[in-house]
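J.: Here is my input, please return the structure:
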Amino acid sequence: HSDSFKELLSETKAYVKQNPDKKIYVGIGWNIENGILPDVDKNFAKGLDKICADKPIILVDSDHHQGIVNTKAMEMIFPKKNISLVAPDKQREDTASLEGGIILRLPDGRANGYVRDQVIMYMANELMRDAVNDKEYKCAIEDMQTVLHSQGYTNYNEGYINFYGDKIFAQLIKNDANDELEVNMRPNFVLFAYELKDDTSVAQAINRIDGFHQQTSKHILPAGIKIFVDGVTESRTGAIDTPYVGSTDNYGNLVTPEETLYKLTKEANKKGIGIHTHSYGNVAVNYTVNAFTKAQNEVNNGTRNTIAHARNVFDADYKRMTDNNIAVAENIVWRTPMTPEYKKLFIETCLVPDHLQDSAYPVRSFVKNNVIVASSTDAPAANGYPTDVFNLVEMAVNPRAFNWVAGLDKIEQDLFMACGFTPEKIDKLEITNADECVPVKDALDIMTINGAKYMGIDADRGSIEVGKYADFILVDKNVLFCPLNVIV
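T.: Have a look, this model is predicted:
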């Protein structure tokens, strides 16, 4: 939550001083809304090198699509993918060194320490693989389960289960064997575009992940393969049909080619493994639907493929989603009300075109077009982000969403208060794209049976029926009939 790169350096310096024995320094949570913007003329690595030059430092933004790293981190990781630390022959925004990633370079070709999408994900994956021990993973799983229980969740779809190696999955299996797991987990296994160079590498990747799929237990049922199709609009890498404001040629970043996604989907679906994509902008969603449709037409064995985010969608793609059994996990929690101050901050820093901001998170359009739409928070369960079921119900149904701020942690509340979300203003604001609100019954379906359909467990869960698990929570009000402003 640093308000500038200078403050980020100050906080990093203090942490390094307090923890001199760490082998790697990792920070997560900064974002460009705090003024830390990509700049090809700024040497970000140099600032971190002054703090620590002999150990890697990696600072990942809140969306996990951008990062700032020191020279040591690049020296350790770049050679593994034959990436040059100095490459005068590359563009200033170098998209050629790693499939699906971006490296910002100074005029002399040096990487300046600001890396995006698949590059930061690859670096984080490699550097952090051994940074966490089994005991810490075990504690994290226990924390996650506590938070999920406290917020009314009994089933959880996890998109990053092998992001930092296979230890988390192994620990989950161990916890379940020891009767320490109560929440039902549907883990997805991440693949990256740079792993899928040809048909052989696609087949190898699917076989590797199929091995995980054979490891089921009482509460663990592997879900599918996750792959990134684009970045996010907040970092100006979400793939959209209109250039970002202030640019004539920046349409975002398509991380995985459509043909690669089609081949991966086809081969995975043959084994009954679904594909779960991160598809953010309308162009990325369109590419994904194209690939899924082509694969579905050839395989057609009932395997459901899914899309997370779908922030903006072309009108024609709704029907294609329905026709091809594609489900969507929509980020209802991000339908944040816009004060003039916050909209100015968001538009000026993220430079999202107005028409895309005004049509974001089209929940009602999914429902109206009979698309299976569930709710997603895109955040780890244990990080304090507002994932309470009824908080999300209110954000889905109430144009005012009076109580949404109550679900934020203290740091987030302070941030939004600074952006004009004062008590006297909050009840006068509408959430983003308020026309896309839905009736309460539809919102409850989104949180229950649709979530089960998205995870592929609706035969046993998601509704109260004879023969299904008694998988429900008790509440103290009838949300179908209570006033919208007291749902939470």
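J.: List the buried residues for stretch 265-285?
T.: Going by neighbour count (16 or more other C-beta atoms under 10 Å), the buried part of stretch 265-285 is 265-269, 273-285. C-betas here are computed from N, CA, C, even on glycine.
J.: So residue 152: helix, strand or coil?
T.: Secondary structure, DSSP: H, G, I helix; E, B strand; the rest coil: residue 152 is coil.
J.: right, and it touches residue 474 too?
T.: No. Using C-beta atoms under 8 Å, residue 152 makes no contact with residue 474, being 9.5 Å away.
J.: which of those two has more neighbours?
T.: residue 152 (15 against 5; other C-beta atoms under 10 Å).
J.: What helix or strand is residue 122 located in?
T.: helix 118-128 (DSSP states H and E).
J.: Provide the contact partners of that helix at residue level.
T.: Residues outside helix 118-128 that contact it (C-beta atoms under 8 Å, 6 or more residues apart in numbering) are 24, 26, 56, 58, 60, 64-67, 69, 73-74, 76-77, 80-81, 97-103, 115, 163-165, 192-194, 228, 255.
J.: so where is the stretch 1-150 of the chain shaky, pLDDT-wise?
T.: For the stretch 1-150 of the chain, applying pLDDT under 70 flags the ranges 1-3, 32-35.
J.: again, only using 90
T.: Along the stretch 1-150 of the chain, segments meeting pLDDT under 90 span 1-8, 26-40, 61-66, 95-96, 99-100, 121, 124-150.
J.: Which parts of it are helices?
T.: Using DSSP state H, counting those that start in this stretch, the helices of the stretch 1-150 of the chain run over residues 5-18, 44-51, 71-77, 118-128, 134-150.
J.: Going through the contacts of helix 118-128, which ones are buried?
T.: 26, 56, 58, 60, 64-67, 69, 73-74, 76-77, 81, 97-103, 115, 163-164, 192-194, 228, 255.
J.: Inside strands: which ones of those?
T.: 26, 58, 60, 66, 67, 69, 101, 102, 103, 115, 228 (DSSP state E).
J.: Give the closest residue to the fifth one in space, chain neighbours not counted.
T.: Spelled out, that is residue 67. Nearest residue to residue 67, sequence neighbours excluded (C-beta to C-beta, 6 or more residues apart in numbering): residue 120, at 3.5 Å.
J.: how close does that neighbour sit to residue 253?
T.: The spacing between residue 120 and residue 253, counted by C-beta to C-beta, to the nearest Å, is 12 Å.
J.: Then residue 328?
T.: 21 Å.
J.: just residue 191 next, same as before
T.: Separation of residue 191 from residue 253 (C-beta to C-beta) stands at 17 Å.
J.: and these two? which has more neighbours close in?
T.: Ranked by neighbour count (other C-beta under 10 Å), residue 191 and residue 253 place residue 253 first, with 26 against 23.
J.: what sits against that one?
T.: For residue 253, the contact set (C-beta under 8 Å, 6+ apart) comprises 95, 100, 102, 116, 117, 230, 231, 237, 238, 239.
J.: could you redo the last one with a cut-off of 7 Å?
T.: Contacts for residue 253 (C-beta atoms under 7 Å, 6 or more residues apart in numbering) come out as 102, 117, 230, 231, 237, 239.
J.: Repeat that for residue 328.
T.: Contacts for residue 328 (C-beta under 7 Å, 6+ apart) come out as 307, 310, 321, 366, 371, 372, 373.
J.: Next step: those restricted to strands.
T.: Among those, the residues falling in strands (DSSP E) are 307, 372, 373.
J.: okay if I get these as TSV plus distance to residue 209?
T.: Formatted as TSV, the ones in strands among the contacts of residue 328 follow (distance: C-beta to C-beta, whole Å):
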residue	distance to residue 209
307	19
372	23
373	26
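J.: From residue 330, how far off is the nearest residue to residue 459 once chain neighbours are set aside?
T.: Leaving aside its sequence neighbours, residue 459 sits nearest to residue 468 (C-beta to C-beta, 6+ apart; 8.0 Å). Note on residue 468: its distance to residue 330, by C-beta to C-beta, is 24 Å.
J.: ok, back up a step: buried residues, the helix holding residue 122. List them.
T.: For helix 118-128, burial by neighbour count (16+ other C-beta under 10 Å) applies to 118, 119, 120, 121, 122, 123, 124, 125, 126, 127, 128.
J.: Select, from those, the two members most distant in space.
T.: The largest separation in the buried residues of helix 118-128, counting by C-beta to C-beta, is between 118 and 128 at 15.5 Å.
J.: Grab the nearest non-local neighbour of residue 264.
T.: Of all residues not flanking residue 264 in the chain, residue 202 sits nearest, at 5.5 Å (C-beta to C-beta, 6+ apart).
J.: Around residue 62, how many other residues sit close by?
T.: By the measure other C-beta under 10 Å, the count of residues near residue 62 is 19.
J.: quick one on the thing from earlier: what is the nearest of the contacts of residue 328 to residue 437?
T.: Residue 437 lies nearest to residue 366 out of those, by C-beta to C-beta, at 12.4 Å.
J.: OK, contacts around that closest one?
T.: So residue 366 contacts 318, 328, 330, 373 (C-beta under 7 Å, 6+ apart).
J.: Ramachandran angles for the third one?
T.: Read it as residue 330. Dihedral pair for residue 330: phi -100, psi 140, per degrees, to the nearest 10.
J.: Please look at it and residue 377 and confirm they touch.
T.: No. In this structure residue 330 lies outside contact range of residue 377 using C-beta atoms under 7 Å: 10.5 Å.
J.: how far away is the residue lying closest to residue 51 once chain neighbours are set aside from residue 27?
T.: Nearest-residue entry for residue 51: residue 13, 4.8 Å, with adjacent residues in sequence omitted and distances by C-beta to C-beta, 6+ apart. From residue 13 across to residue 27, the span is 11 Å (C-beta to C-beta).
J.: where does the stretch 251-400 of the chain dip in pLDDT?
T.: For the stretch 251-400 of the chain, the stretches flagged by pLDDT under 90 are 253, 331-359, 375-400.
J.: List the beta-bridge partners for the closest residue to residue 38 other than its chain neighbours.
T.: Residue nearest to residue 38 in three dimensions, not counting chain neighbours: residue 114, with 5.5 Å by C-beta to C-beta, 6+ apart. Following DSSP bridges, residue 114 is listed with bridge partners residue 68.
J.: returning to what we had before: how many neighbouring residues does the residue nearest to residue 264 have?
T.: Residue 202 sits with 19 neighbouring residues when counted by other C-beta under 10 Å.
J.: try the one 5 residues further on
T.: For residue 207, the neighbour count with other C-beta under 10 Å is 11.
J.: what about it, which helix or strand?
T.: Element membership for residue 207 (DSSP H and E) is helix 199-213.
J.: which secondary structure elements does that helix contact?
T.: Packing partners of helix 199-213 (3 or more C-beta pairs under 7 Å, 6 or more residues apart in numbering; DSSP states H and E): strand 184-191, helix 258-270.
J.: Can you list the residue ranges for helices in the stretch 351-488 of the chain?
T.: 354-357, 363-368, 389-397, 410-418, 423-426, 440-447, 449-455.
J.: So which bits of the first one are buried?
T.: In other words, helix 354-357. For helix 354-357, the neighbour count (16+ other C-beta under 10 Å) marks 356, 357 as buried.
J.: list the helices and strands that helix packs on?
T.: Counting contacts by 3+ C-beta pairs under 7 Å, 6+ apart, helix 354-357 packs against no other helix or strand.
J.: Also the last one?
T.: For helix 449-455, the helices and strands in contact under the criterion 3+ C-beta pairs under 7 Å, 6+ apart are strand 155-158, strand 327-330, strand 372-375.
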